[in-house]
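A.B. asks: Next input, structure requested:
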Amino acid sequence: PEELAIMEVGNCRAVLKELEKLDPQYGMSGVQNVWVVKAANSSKGVGIRLLDRLPQAQDCRCSGRVVQKYVEAPLLIKRRKFDIRCWVLVTDWNPLSVWFYEDCLLRFCSDFWDLTHIDNRYAHLSNVSVNKGRE
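C.D. replies: As a prediction, the model looks like this:
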């Protein structure tokens with residue numbers, strides 16, 4: 001029985017290694033199964049929730065909401081999650097012509113990022129409207 005368990009662990013590790021080769025975002029996906037649910041027609045962080053139960057996220061799919069996998073291993077600056085807003089204009093597809101606006105906007109979360117507290121909007125949402133009143 002112990003040898004069989006060791007073999008199974010080895011098989012599981014081999015499968016995970018294969019998945020890592022196939023999924024370029026494997027390292028960001030995480031293991032806590034966190035999902036972002038947001039209204040398809042909203043802005044300013046209104047109606048955004050993080051869920052850690054797949055059935056809850058699946059229940060939201062048909063209610064005019066967008067459901068996407070949360071990046072559980074985001075890039076951080078000084079322990080804070082951030083996003084980069086940049087603007088581009090595509091003027092042609094063939095050949096591809098893209099104009100990049102020089103100025104970008106970095107938006108930071110007010111609180112330190114911590115995946116153990118998914119209900120803390122100030123640690124997970126970098127929307128200016130969410131964070132502007134936070135001390």
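A.B. asks: Once you drop chain neighbours, what's closest to Leu54?
C.D. replies: Spatial nearest neighbour of Leu54, chain neighbours left out: Asn33 (6.0 Å); criterion: CB to CB, 6 or more residues apart in numbering. Bear in mind the C-beta positions are built from the backbone N, C-alpha and C, glycine included.
A.B. asks: residues near the one you found, how many?
C.D. replies: Other residues near Asn33 come to 14 when the count uses other CB atoms under 10 Å.
A.B. asks: Report the contact partners of it.
C.D. replies: Contacts for Asn33 (CB atoms under 8 Å, 6 or more residues apart in numbering) come out as Asp52, Arg53, Leu54.
A.B. asks: So among these, where is pLDDT lowest?
C.D. replies: Checked by pLDDT, the contacts of Asn33 have Leu54 as the lowest-scoring entry (79).
A.B. asks: So that residue versus Arg13, what's the distance?
C.D. replies: Distance from Leu54 to Arg13, counting by CB to CB, to the nearest Å: 24 Å.
A.B. asks: Show me the shaky parts of the chain.
C.D. replies: Within the chain, the stretches with pLDDT under 70 are 1-7, 28-30, 61-62, 135.
A.B. asks: quick one: the helices in it?
C.D. replies: With DSSP state H applied, the chain shows helices at 2-22, 26-29, 54-60, 121-124, 128-131, listed in chain order.
A.B. asks: which of those helices sits most buried?
C.D. replies: helix 121-124 (a mean of 20; mean count of other CB atoms under 10 Å).
A.B. asks: Contacts for it, please.
C.D. replies: 45, 48, 50, 70, 81, 109-114, 117-118, 130-131, 134.
A.B. asks: And stretch 100-118, by the same measure?
C.D. replies: By CB under 8 Å, 6+ apart, the list of residues contacting stretch 100-118 reads 30, 32, 34, 50-52, 72, 74, 76-77, 79-89, 120, 122-128, 131, 134-135.
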